[in-house]
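# no sequence on this one, just coordinates:
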């Protein structure tokens, strides 16, 4: 396929997982000789330095209200002369679909990035998915996500629904020679995730009730992520009440999460629902064992059931924590090695971008 002009549309370039994936895609498309730019409507530029490095421009639309923003975004999209519009997330998808009416010359690919079952109970979310009828293709990073979209809009043709997995930058995420197993005697679990109810910190805290004092003394949970709702404040109170302050440590989102991940023993995802979070892909690329909720597509990527738990059940979480505490250094290394091989095979930039190019060509 000859070089294309792509406009990537998203709400912001903040620290979220969807934003990271779109930046990864932008860089990969640019490295293949395409012209790439961003259109956003919130002034968060967590990835600004990386985009400047690859000379990828960002246009920010300022609107005094939703309607004004919609009109300005529509005008900017229609005047972009792009060959392909690629959007991520609910509102940017809707804006991009509206921008194509009543006619358009460009191909429109919209990306669904959250397997949140709440969209089925929301009239607004269902209504917004109706406009997917005006897109050429709908891409998600998990089969679970596509099932929800199909339920939300049964009129969508299955042939328009595609899965493209997450991209991992293996120049950033890779096994480190500096890693020390259970440094200072503690098993360190890294949770790279924002603080929201759905991320399930509460049940992780509750799981400590099912561990012995000796087991708890061996655990350290380090959580990197920004606060999105009041779940964090409630969790802090429970940690204090249960006298678990020595177990949990919390930090804001960090651009150098790869180095933090390389030093951890385990990466944990405790969410109530997920499609395919970046953290799992990146942890595998770093050669780390991953423990996770048995939800969405996660069991497709984490084959060992002993590393999966029921997120609503603290006793189930505790069982997995007890299991990983029992593993030897050699057993950890074997799990990590297998995860690394899986990541190289499934999450490489070239593989995923070629899948997008294929989808664009067929649109």
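Right, received. Where do you want to start? Keep in mind it's a predicted model, so treat the numbers as computed, not measured.
# Setting aside sequence neighbours, what's the nearest residue to residue 252?
In space, and not counting its chain neighbours, residue 252 is closest to residue 226: 5.9 Å by Cβ to Cβ, 6 or more residues apart in numbering. Where you see a C-beta, it was placed from the backbone N, CA and C, and this is true even at glycine.
# what packs against the lengthiest helix in the chain?
For the chain, the helix with the greatest residue count under DSSP state H is helix 329-346. On a contact count with 3 or more Cβ pairs under 8 Å, 6 or more residues apart in numbering; DSSP states H and E, helix 329-346 meets helix 278-285.
# got the angle for the helix it packs on vs helix 329-346?
Angle of helix 278-285 versus helix 329-346, following axes from the mean of the first three to the mean of the last three Cα atoms, to 10 degrees, is 110 degrees.
# packing partners for helix 278-285?
Contact partners of helix 278-285 among helices and strands, from 3+ Cβ pairs under 8 Å, 6+ apart: helix 17-31, strand 187-192, helix 257-263, strand 266-269, strand 290-293, helix 298-301, helix 329-346.
# export these to JSON lines and tack on distance to residue 37 and mean pLDDT?
Below are those laid out as JSON lines (distance: least, Cβ to Cβ, whole Å; pLDDT from 0 to 100):
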{"stretch": "helix 17-31", "distance to residue 37": "8", "mean pLDDT": "93"}
{"stretch": "strand 187-192", "distance to residue 37": "28", "mean pLDDT": "97"}
{"stretch": "helix 257-263", "distance to residue 37": "26", "mean pLDDT": "96"}
{"stretch": "strand 266-269", "distance to residue 37": "32", "mean pLDDT": "98"}
{"stretch": "strand 290-293", "distance to residue 37": "34", "mean pLDDT": "98"}
{"stretch": "helix 298-301", "distance to residue 37": "32", "mean pLDDT": "96"}
{"stretch": "helix 329-346", "distance to residue 37": "29", "mean pLDDT": "97"}
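# Of these, which is nearest residue 60?
Relative to residue 60, the nearest member of the helices and strands packed on helix 278-285 by Cβ to Cβ is helix 17-31, separated by 13.9 Å.
# and that closest one, which residues are buried?
With burial defined by 16 or more other Cβ atoms under 10 Å, the residues of helix 17-31 counted as buried are 17-30.
# List just the nearest of the residues you listed to residue 112.
residue 18 (9.7 Å).
# State the pLDDT value of the closest residue to that closest one other than its chain neighbours.
Spatial nearest neighbour of residue 18, excluding adjacent residues (Cβ to Cβ, 6+ apart): residue 113 at 4.3 Å. Per-residue pLDDT puts residue 113 at 89.
# Can you give the contact residues for the longest helix of the chain?
165, 168, 170, 175, 181-182, 265, 281, 283-290, 301, 304, 307, 327 (Cβ atoms under 8 Å, 6 or more residues apart in numbering).
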